[in-house]
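S.K.: Sequence first, then the predicted structure:
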Amino acid sequence: FVEGGWSTVGVAEAHGGQGLPFALQVAVLDTLGVANTGLVLVPTLTGGAVEALIHHGSDDQKSRWLPRLVSGEWTATMNLTEPQAGSDVGALKTRATPRADGQWSITGTKIFISYGDHDLAGNIVHLVLARTPGGEAGTRGISLFLVPKYRLNPDGTPGPANDVRVVSIEHKLGLHASPTCVMSYGDDGDCIGELIGPEFGGMRAMFTMMNNARLLVGLQGVHVAEGATQAAVTYARARIQSAQAGAPVRDPVAIVEHPDVRRMLLRMRAQTDAARALVYHTAGWIDRAATGDAAAAARVGLLIPLAKAHATDLGCEVASLGIQVHGGMGFIEETGVAQYYRDARIFPIYEGTNGIQAADLVSRKLGLEGGAAFAALVADMAGEARHPALRELVAACDETGGLLAAAPLRDRLAASVPFQTMLATAVCGWLLERQARNVDETAQGASFAALKRASAGFYLDRIVPEALGLRAAACAPADGLYALAAADFA
């Protein structure tokens, strides 16, 4: 991966990259991730650190750290979560104390750190959120620090070990190829870090890479969905069992000929295509936003929670269907398809749970530009949508979004997840209908075109109408969720 220069695809030439679009980088990571979902976390995390340094690092930091991070020779992590502070980043307790030489002494513990340690690279650069003396409580008092596994020699090569160690490795449901570590900083009082950006600017620096990071987690949902779909299709073509219903010949056939198996396979393909379309489409808007287009930046803000949450939800759904297609053999480890489900289950949780994405959508993103960003998205979909169910869903999203924008915050949050699913399904249906309309048999082949049209048709005829059924939940007030006292949930 490093020798081929694959990690440099989406990085500007000024920093040692190829200067190609982020959307192309997403496609490269998609191919890698379908083959090895665990490995793709390495360039994903490192890319986030590169973004933070490019936008917030000093010239000296860029010259010392970026070349080998961009090449992939060194890797990086993000250190946010602590035992007492999960999604509530403002509750973190890791400390940074200034040193006489201008650097900082770091002390604290971080949990759930993907690739916190490994032997794939010559150095590991940890980006660590910490509090400095006199900082405010909550997120405003947080700063971002670069804490390497090995400090650098004067010539820029890795030198002495920093006071950074792995306390334990988490025993997880899945994603076993990616070590998830509990990291301890400064146990011996000798962990040195560098401040990135201004003091108390930690969250701003983190949010620089948040859009890309959340989108790439959505892409991980595509990875497992694609892998599970390919495995299920291969198995269904080869597994011979029972005669086809209604056929004059009673010989056993491949299970791909049975109606319910076809339903599952088409649903898997349609949902995988939908998730990929949503992620790629959002990546294209990120490239537009990078040119300074304010409207594109607003569209990115609206699409990111949809791409992260919906694509990862679909990864879980498709992986589960893949097990079902395999029947009993899917529940047996030897077939390998259970791994897709185990791996996928973390994606709706990390990088901001899908509930947090939905809350962000209804509490912040619906109001972007005074509601103009949401109105523009709805107008784009309404102007192109042709399928009756899709047109009805787009109209329902428009109406429901307007109601939520004016609703009390608690009601908005109670409706957030069903509304997020409605809107994401509408966007996916819009994109798949466009794909089916524009597929080119001459350039892409008749088989590919047939698959695209069948996938889009299944999605528009069956999945889009399902999303319309979420309208009642998206309009229901929060009162019903509080009909029980907390103690009555026993």
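M.R.: Arrived safely.

S.K.: going forward, measure contacts between C-alpha atoms and count neighbours the same way
M.R.: Noted.

S.K.: for the stretch 251-400 of the chain, what spans make up the helices?
M.R.: 259-289, 294-326, 338-344, 354-363, 372-384, 388-406 (DSSP state H, counting those that start in this stretch).

S.K.: Looking at these, which is nearest to Ile332?
M.R.: Of all the helices of the stretch 251-400 of the chain, it is helix 338-344 that lies closest to Ile332, at 7.5 Å by C-alpha to C-alpha.

S.K.: Val249: neighbour count?
M.R.: By the criterion of other C-alpha atoms under 10 Å, Val249 has 10 neighbours.

S.K.: distance of the closest residue to it other than its chain neighbours from Arg263?
M.R.: For Val249, ignoring the flanking residues on the chain, the nearest one in space by C-alpha to C-alpha, 6 or more residues apart in numbering is Ala243 at 7.5 Å. Separation of Ala243 from Arg263 (C-alpha to C-alpha, to the nearest Å) stands at 17 Å.

S.K.: between those two, which one's more packed in?
M.R.: The residue with more neighbours, out of Ala243 and Arg263, is Ala243; 17 against 12, by other C-alpha under 10 Å.

S.K.: The more buried one against Pro259, yeah?
M.R.: No - the criterion here is C-alpha atoms under 8 Å, and Ala243 misses it with Pro259 at 11.7 Å.

S.K.: and Lys110, that's in a helix?
M.R.: No - read with DSSP: H, G, I helix; E, B strand; the rest coil, Lys110 is strand and lies in no helix.

S.K.: That one pairs with what?
M.R.: Met183 (DSSP bridges).

S.K.: quick one: what helix or strand has Gly159 in it?
M.R.: Assigned by DSSP states H and E, Gly159 belongs to strand 158-161.

S.K.: List the buried residues for that strand?
M.R.: Residues Pro158 are the ones in strand 158-161 that count as buried (16 or more other C-alpha atoms under 10 Å).

S.K.: how distant is it from the center of its chain?
M.R.: Between the centre of strand 158-161 and the centre of its host chain there is 33 Å, according to C-alpha atoms, centre = their mean, to the nearest Å.

S.K.: which residues make contact with it from outside it?
M.R.: Gly122, Asn123, Lys149, Tyr150, Arg151, Leu152, Asn153 (C-alpha atoms under 8 Å, 6 or more residues apart in numbering).

S.K.: Now Cys251: closest residue in space that isn't a chain neighbour?
M.R.: Small correction: residue 251 is Asp, not Cys. Ala243 (5.3 Å).

S.K.: what's the pLDDT at that neighbour?
M.R.: As predicted, Ala243 sits at a pLDDT of 93.

S.K.: go on, Gln84?
M.R.: The model's pLDDT for Gln84 equals 83.

S.K.: what does the one 10 residues further on give?
M.R.: In the prediction, the pLDDT value recorded for Thr94 is 95.

S.K.: repeat for the one 10 residues further on
M.R.: We have a pLDDT of 98 for Trp104.

S.K.: wait, doesn't it sit right on Gly193?
M.R.: Yes - if you go by C-alpha under 8 Å, Trp104 and Gly193 touch, sitting 5.2 Å apart.

S.K.: Now the common contact residues for those two.
M.R.: With C-alpha under 8 Å, 6+ apart, Trp104 and Gly193 have no common neighbours.

S.K.: Who has more neighbours out of the two?
M.R.: Gly193 (25 against 22).

S.K.: What strand or helix carries that one?
M.R.: Applying DSSP H and E, one finds Gly193 within strand 192-196.

S.K.: Can you tell me the strand partners of that strand and which way each runs?
M.R.: For strand 192-196, using DSSP bridges, the partner strands are strand 104-114 (antiparallel), strand 142-148 (antiparallel).
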